[in-house]
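Colleague: The sequence and its predicted three-dimensional model are supplied below.
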Amino acid sequence: MLIRNQTIAAVSRLYAGAPAAGTRRVDAAGAVQAPDALELSGEAQSFGDILQQLRGMSDVRKERVAEVSARVENGCYAPASAEIAAKMLAMRY
């Protein structure tokens, strides 16, 4: 099936020879830029080393866990609920 529309044909003839709007010619690439470089100060390098050591450490203090576990088993663990609540509220705000 062939559909003819005179308006579409006229518009396509107008745009056939015109260059696209907003385009521009790109010339060949110029000189290659030097790659970016980064130099850290001694203080920044030390900070990075310390940060790596901290990341390698465990989040759990095993000696503290063993101490509290022993107190729970002996029946002498009595947490101060007011102190715990105060610390929880301090963390929230």
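Modeller: Structure received. Residues are numbered from 1 along each chain as shown.
Colleague: Next SSE downstream of the lowest-mean-pLDDT helix or strand in the chain?
Modeller: Sorting the helices and strands of the chain by mean pLDDT, DSSP states H and E puts helix 6-16 at the bottom, at a mean of 75. Using DSSP states H and E, the next helix or strand after helix 6-16 towards the C-terminus is helix 42-56.
Colleague: Please list the outside residues in contact with the helix or strand following that following helix.
Modeller: Reading on from helix 42-56 to the C-terminus, the next helix or strand found by DSSP H and E is helix 62-74. Here helix 62-74 makes contact (CB atoms under 8 Å, 6 or more residues apart in numbering) with Tyr77. From N, CA and C alone the C-beta is placed, and that goes for glycine too.
Colleague: mean confidence for helix 62-74?
Modeller: Confidence for helix 62-74, expressed as mean pLDDT, is 93.
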